[in-house]
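Enquirer: Fold the following and give me the result.
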Amino acid sequence: MSQPMRILMALAMGLALGVALSQWQPDWAETGSAVAQPIGTIWLNALRMTIVPLVVALLVTGVAATAKAAKASRLAARAIVIFMSWLWISATLGALFALGLLDLFPLPADAGAALRASFTSAAPVGDVPPFSDFLIAMVPTNPISAAAEDQFLPLIIFTLTFAFALTTLPVEPRETLTRFFQAVADTMLVMIGWVLLIAPIGVFALAFVVGATAGTAAFGALVHYVAIVAGTGVLIWMLAYPTAMLLGRVPFKRFVRAVAPAQAVAISTQSSLASLPAMLRGTEALGLPVATAGVVLPLAVAIFRFTGPAMNIAVAVYVAHVFGIELAPQQVAIGVAAAAITALGSVSLPGTISFVSSIAPIALAMGVPIEPLALLVAVETMPDIVRTLGNVTMDVAVTSVVARGQDGVERSEADVLLEE
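Expert: Numbering: from 1, shown residues only. Predicted coordinates:
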């Protein structure tokens, strides 16, 4: 049995046992919650302790790799500019789509109240500071203090500045520092792997508390969460088709047929990397230059995860909705910036591994509690499938855009096919 399935089963068993005891033996449910709550909190804290060093290390290595690729060729540089633009678009639209879907299909009030009561360890959210204070706080006076206090946006600003300064160093010190941060990232991923080995225990404990406190409303709330986040992902995914048609000038039917095999691999593996061979074959079917696809697609798989910013900020927006937090425009803007920037250091790993480390910086930057993430990771399978489908489809679409606008390629094979 796969680890995601074990975590999902632990979630179902914990919720079922908590709901059953709350109905038939309330005293047992209360006693069990008193035991399970610290177990779940300890497990969540074990995940949280890896977030700051992992995010810093991934941002540094991500910027270094991006800069190296951009220097390698004009084609790679053009692709990276397009990637960065689309990541910001993804984050912005993801926030708007999630807010819109929650306005249309809000979580029932009783389910929201029950879930809030389940996360007693969630820190209260203070008043939103004025926009001028936000601008001042973006530049940290002490990056170590910002890291210690989970002030992620100032930490990200410092880390990005550090990373870009690193790219200007001579080769030897630059590679030495890059290898150091890569080693830090690899070490943190090993630690996360260890923590996730006991994830069924932590998720069971948290789910038991939620079931005992929220009752049957917990099941409906989790289904609602999956529908909202996956729905946001589907809306973002659909943007790949007009992108290919309007910017890549690829006929709709031709694009659908070309990308279908890669989508099938994406559904079965939940991995963009595993879908790469099928994506390359898809670009061949579109008549795109092999030299272009051979550079752009591997680069896209490595640093461009189009659905990530949108679906990550959607999770943070959903948690805010559960806690009844009215997000101010500056909070949404902070979340958009954090989602787009941290996507540079996203990890090409299954969603259960990267879920908390990808979303916690966004939620913390927005002032949203992250305690529910430890429970929501258990139902990440369906959203993760949508993430991978969207990434794979947009990778092929963006490759057609890069090929269309490549300098010196006025009439590629794709042009000939389109004119026939």
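Enquirer: buried sites along stretch 172-186?
Expert: Of all the residues in stretch 172-186, those buried under the rule 16 or more other C-beta atoms under 10 Å are 174, 177, 178, 181, 182, 184, 185. Any C-beta I mention is one placed from the backbone N, CA and C, and that applies to glycine too.
Enquirer: show me the contacts for residue 269.
Expert: Neighbouring residues of residue 269 by C-beta atoms under 8 Å, 6 or more residues apart in numbering: 275, 388.
Enquirer: quick one, phi/psi of it?
Expert: When quoted as degrees, to the nearest 10, the phi and psi of residue 269 stand at phi -110, psi -20.
Enquirer: how about low-confidence regions in this structure?
Expert: For the chain, the stretches flagged by pLDDT under 70 are 1-4, 72, 117-118, 120-138, 150, 345-353, 405-420.
Enquirer: Could I get the buried residue list for the longest helix belonging to it?
Expert: Of all the segments of type helix in the chain, defined by DSSP state H, the longest one is helix 74-104. If you call a residue buried by 16+ other C-beta under 10 Å, then helix 74-104 has these buried ones: 75-76, 78-80, 82-84, 86-99, 101-102.
Enquirer: which residues are in contact with the helix or strand following that helix?
Expert: The first helix or strand that comes after helix 74-104 along the chain, using DSSP states H and E, is helix 109-118. Helix 109-118 is contacted from outside by 122, 209-210, 213-215, 217-218, 220-221, 224, 321-324, 372, using C-beta under 8 Å, 6+ apart.
Enquirer: change it to 7 Å
Expert: 209, 210, 213, 214, 215, 217, 218, 220, 221, 322, 323, 324 (C-beta atoms under 7 Å, 6 or more residues apart in numbering).
Enquirer: Quick one: the helices in the stretch 251-400 of the chain, in order.
Expert: Under the criterion DSSP state H, counting those that start in this stretch, helices of the stretch 251-400 of the chain are mapped to 252-269, 276-285, 290-303, 307-322, 329-342, 351-366, 373-376, 381-405.
Enquirer: Show me how far the fourth one is from its chain's centre.
Expert: Read that as helix 307-322. Averaged C-alpha coordinates place helix 307-322 at 9 Å from its chain's average position (C-alpha atoms, centre = their mean, to the nearest Å).
Enquirer: cool, and the third one?
Expert: Mean-position distance between helix 290-303 and its chain equals 21 Å (C-alpha atoms, centre = their mean).
Enquirer: Any buried residues in that helix, and which?
Expert: Across helix 290-303, burial judged by 16+ other C-beta under 10 Å covers 292, 293, 295, 296, 297, 298, 299, 300, 301, 302, 303.
Enquirer: Just give the number of residues close to residue 46.
Expert: A count of nearby residues for residue 46, using other C-beta atoms under 10 Å, gives 18.
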